[in-house]
Structures are given as C-alpha cells and as structure tokens.
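For reference, the sequence and a predicted model appear below.
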Amino acid sequence: MVALSRRQTEPTRRNRGPAPVPPDWRAITWLDRQVVRLAGRLEVTGGFPDELRGRPVLVAANHIGMFDPMVLIAAAAEIGLDLRFMLTAGLLDAPVAGWFLRRAGHLRVDRGKSNVAEAFGRAVTALRTARLPLLVYPEGRISHDPGLWPERGKTGLARMALAGDVPVVTVSQWGAHEAMYWGLERFAKPADFVPVFASFGRAVRNRPTFRVHFGGQVDLSGLSANRPGDAMRAHQRIMRAITADLVPLRADEPDLPRFHDPTRPTDTRSPWRPT
C-alpha cells in the first residue's frame, strides 16, 4: 500500500508554547509510565512536529485495546509531549476520577445528546484556543475487525479539524491489545473484572512490546468544512495515514493478531486493511 503524501504546513497561529502541566496530571502521567513499564516494553518511533508544539492539534490514533490509552500517554511523554484526550461526559462527570480528568484539561464531548450540534460548536471553539494536543479515536471504539485493523470510523474528527482549521497528526500503535482483554461492554459485578485483571497479570509475566509511531501531519489542503463530501475525504486521508504507518509495526502479523482475545467482538471488517 502506498502511504499518503503529507506536508508540514507553516503555522498559521502564533506559537505560545505548551500549556503548563497541572501537578495532578504530572503525577498521573508518572504513575501511568510505571504501569506501562510493568506491563511490557515500550518502543516509540517518529516524532511530533516542532512547529505544532504549543498550538491546537488533533492527534488521531487507532484503537486496539483497553490498555492503549495508557500506552499512548507514556509514548507521548517519551517525546516530551503532554497529551490530552477528548472524553465523553460520563467519564468527566464520574466521582473522583472525573475531578482529576477535568483538572488535567481533557476536553468534554457530549455524544448521543440532543444538543450534539451545540456540543460540536463548543468542541471546535475549545480546539481553536488549545495549547496542547488533543487525542481522538476516529473509530470511536476498539476495533471489532478480526485482524484488528482500523474500523471504518466516523467523520467527527475530520469535521472538527476542517471547521476549526486545526492540523491533524496521526499515531499508529500495535501491541497494547496484549496487555489487557477487551472484557465486556458493561461491568455489572466483580466477576466481570476477573478476565481483564487476569490478562494483565499474564502481560506482566510475558512482557509484550508496545510499538507506537508518531506519523506526522496529514495533508488536508484543498478541503473545506463547507464543501459537501470534504469531511469524508479528510477522514479517508486520516485513516489511510494511520493504516499505512500501522503496516510496518505489525509486519510479522499481517493477517490475524497472534494474541487471541476471546472477549473481543469480531463482527466488522476494516475497509482500510491493506491488500
């Protein structure tokens, strides 16, 4: 598969430097890195464009498992990047954890609400003034593709990028799915957590390799938020860029993952899978 061509555009906003890191988030990041080191070996390649540091940036990554947000935070820290996530209201409103997440500067996204247009407008406004990269999973969930290739995904990230004139940087990852089972959609009783924790214990013993590649900025030139079809075109460029960089990370697993997670659904097919 031929990787999509990309260009590093000149910054259109003044670089104000990265936003200060709240002490709470600094402590959480440190703890996160220790857990990732316990669970496996982290390999980080690529880098984040210097001209985009301290500017609004959307970071698009493939979603392969319950543990991969922790791997992405640790990988970002390895290259001196303070990463935040776009999170649903349920997570930010949760007791205790929600308080820490709000203080850390994660961006709220109200999905499935009647005020979705208003929520989209608020997200675009927040993006325009952000001074740190915000990570979004274009797929919206952990992939259900049998080979764990990226799912079709949705155009929300692309629409935000075009509406806010915000650059998109891609991240591709492989291996984090071996650290923790997918589990269940909902955890209703203590027994539901057993497979997840048991799989993490096996990861600590086997120490899988977590490979993360920062792929650079996606070329969205020529696309407009107001032109019909351009959001889908932008989405396709983003997903193809993620997939192109994923191929070498899993060169020895081009078909199915060696690691079998019996709890993960496999009821979709990826349209981005290389042929």
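It's in.

can you pull out the strands in the stretch 151-275 of the chain?
Under the criterion DSSP state E, counting those that start in this stretch, the stretch 151-275 of the chain contains strands at 168-174, 209-217.

Kindly provide the distance from A203 to V59.
According to C-beta to C-beta, to the nearest Å, A203 stands 25 Å off from V59. For glycine as for every other residue, the C-beta is placed from the backbone atoms N, C-alpha and C.

I should have written P150 there, sorry.
For P150 relative to V59 (C-beta to C-beta), the value is 15 Å.

repeat for S143
For S143, the distance to V59 - C-beta to C-beta - is 18 Å.

contacting residues for P257?
Residues near P257 by C-beta atoms under 8 Å, 6 or more residues apart in numbering: 147-148, 177, 250.

can we see that at 10 Å?
Going by C-beta atoms under 10 Å, 6 or more residues apart in numbering, P257 touches 64, 146-149, 174-175, 177-178, 250, 264.

likewise S143?
For S143, the contact set (C-beta under 10 Å, 6+ apart) comprises 62-65, 137, 149-151, 153, 177, 182, 264-266, 268, 270.

if we can go back for a sec, show me the two of the contacts of P257 that sit farthest apart.
Maximum pairwise distance among the contacts of P257 (C-beta to C-beta): 17.6 Å, between P146 and G175.

more neighbours, these two?
More neighbours surround G175 than the other of P146 and G175, with 26 against 17 (other C-beta atoms under 10 Å).

Contacts only, for the more buried one.
40-43, 64-65, 67-68, 71, 203, 208-212, 249-250, 253, 257, 259 are the contacts of G175 under C-beta under 10 Å, 6+ apart.

if you set the cut-off to 8 Å instead, what comes out?
By C-beta under 8 Å, 6+ apart, the neighbours of G175 are 40, 71, 208-211, 249.

so A60 sits right up against I242, yeah?
Yes: between A60 and I242 there is a contact at 6.3 Å, judged by C-beta atoms under 8 Å.
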